[in-house]
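[1] can't give you the sequence, but here's the structure:
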């Protein structure tokens with residue numbers, strides 16, 4: 001679908017964490033059994049594997065999002081980035097990458113982001129570890145071949161004893177975005193084909209004529225999709241096609257994007273199966289970092305490690 005073969009990077013994931021049971025089920029089924037299912041604040045981090053090169057994190061973004069209440073670090077979930085800091089302090093990776101929503105950049109005039117970067121860069125005296133040089137980058141997934149407008153902040157830290165500068169991945173599709181039609185058109189009319197994973201999972205939420213509601217729109221066929229959201233209900237947009245081509249503007253003839261179509265728009269391969277009911281599978285897809293964007297970020301991380309190792 002995406003026109004390019006994306007080879008496997010030489011990374012081995014040896015530990016992961018999430019407290020969302022269905023997401024953990026999906027992870028185990030598709031990736032491996034090395035995931036710890038539970039609250040990270042209650043995990044004894046001294047048990048973490050050692051000799052780790054990279055730490056990746058996606059601390060909860062809802063409290064930083066412009067779509068949320070922008071409570072940020074004033075609430076418990078907003079402070080969970082400190083759990084990532086503790087992991088970094090203990091395992092002392094050569095590089096770490098944290099991902100979050102675009103709204104984090106301008107929250108409280110940028111003060112929240114700068115506080116997070118400062119906290120992630122500083123030594124925790126308990127472990128007496130090295131400091132990190134921390135920078136952040138705003139990346140749009142559509143610039144990397146993902147058929148979706150999705151802007152996210154990546155916070156990258158390199159251990160100070162490693163004299164290598166991080167460079168974000170160079171856009172591959174800056175002037176040639178993949179359209180929604182290119183990504184999902186072949187799936188239309190195949191909702192009942194069991195061989196297409198998660199395609200029969202489709203939100204039945206109604207559309208409301210004349211109301212400006214989140215998700216009360218069709219995506220456009222000739223451009224990337226709008227951002228795929230984590231909460232489905234009425235928040236997943238309609239397909240650009242209609243079940244009655246003679247009445248394309250009749251909302252009664254629209255249908256919402258299926259979970260598989262959302263996964264395609266996130267750049268997941270078709271053999272990646274999401275576990276759980278539609279409520280959970282939509283949420284997993286919407287919460288994810290697009291795999292193609294992740295691939296390019298991983299490539300940029302590998303360049304740092306290669307340089308650090310003299311390769």
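    On my side now, so go ahead. Note that the structure is a prediction, hence the values are computed from the model and not measured.
[2] pretty sure residue 221 is touching residue 182, no?
    No. Applying C-beta atoms under 8 Å as the test, residue 221 and residue 182 come out as separate, 9.1 Å apart. In this view, the C-beta of every residue, glycine as well, is placed from N, C-alpha and C.
[3] quick one, strands of the stretch 51-200 of the chain?
    54-57, 95-101, 132-140, 151-159 (DSSP state E, counting those that start in this stretch).
[4] ok, now which ones touch residue 10?
    residue 302 (C-beta atoms under 8 Å, 6 or more residues apart in numbering).
[5] what does the one 4 residues further on give?
    With contacts taken as C-beta under 8 Å, 6+ apart, residue 14 has the following neighbours: 34, 49, 52.
[6] where's the dip in pLDDT among those?
    Within the contacts of residue 14, the minimum per-residue pLDDT falls on residue 49 (92).
[7] what sits against that one?
    Here residue 49 is in contact with 14-15, 91 (C-beta under 8 Å, 6+ apart).
[8] Let's see that with 7 Å instead.
    14-15 (C-beta atoms under 7 Å, 6 or more residues apart in numbering).
[9] Please identify the helix or strand for it.
    Taking DSSP states H and E as the definition, residue 49 sits outside all helices and strands.
[10] quick one: it and residue 42, what's the gap?
    Taking C-beta to C-beta, to the nearest Å as the measure, residue 49 and residue 42 are separated by 18 Å.
[11] do the same with residue 87
    In terms of C-beta to C-beta, residue 87 sits 14 Å off from residue 42.
[12] The two - which one has more neighbours?
    Neighbours per residue (other C-beta atoms under 10 Å) separate residue 87 from residue 42, with residue 87 holding more: 21 against 7.
[13] All the helices of this protein, residue numbers only.
    Applying DSSP state H to the chain gives helices spanning 21-30, 81-91, 111-121, 180-184, 259-265, 278-287, 291-308.
[14] Please identify the most buried of the ones you listed.
    helix 259-265 (a mean of 28; mean count of other C-beta atoms under 10 Å).
[15] so what secondary structure elements neighbour it?
    helix 180-184, helix 278-287 (3 or more C-beta pairs under 7 Å, 6 or more residues apart in numbering; DSSP states H and E).
[16] can you tell me which of those helices comes nearest to residue 119?
    Evaluated with C-beta to C-beta, these place helix 278-287 nearest to residue 119, the distance being 23.3 Å.
[17] tell me the mean pLDDT over stretch 117-133?
    Taken as a whole, stretch 117-133 has an average pLDDT of 76.
[18] Please name the residues that touch the residue nearest to residue 286 when sequence neighbours are not counted.
    With C-beta to C-beta, 6 or more residues apart in numbering as the criterion, residue 286 has its nearest non-adjacent residue at 3.3 Å, and that residue is residue 230. Shown in contact with residue 230 (C-beta under 7 Å, 6+ apart): 283, 286-287.
[19] got a markdown table for the contacts of residue 14, with distance to residue 171 too?
    As requested, the contacts of residue 14 are exported to a markdown table (distance: C-beta to C-beta, whole Å):
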| residue | distance to residue 171 |
| --- | --- |
| 34 | 32 |
| 49 | 34 |
| 52 | 29 |
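[20] any idea which of those residues is closest to residue 256?
    Distance ranking of those against residue 256, using C-beta to C-beta, places residue 34 first at 34.4 Å.
[21] Tell me who's in contact with the closest one.
    Per C-beta under 7 Å, 6+ apart, neighbours of residue 34: 13-16.
[22] pLDDT value on the closest residue to residue 202 other than its chain neighbours, please?
    In this structure, residue 202 finds its nearest non-sequential neighbour in residue 258, 4.6 Å apart by C-beta to C-beta, 6+ apart. Predicted confidence (pLDDT) for residue 258: 97.
[23] From residue 47, how far out is residue 258?
    40 Å.
[24] Please consider this matter closed, and thank you.
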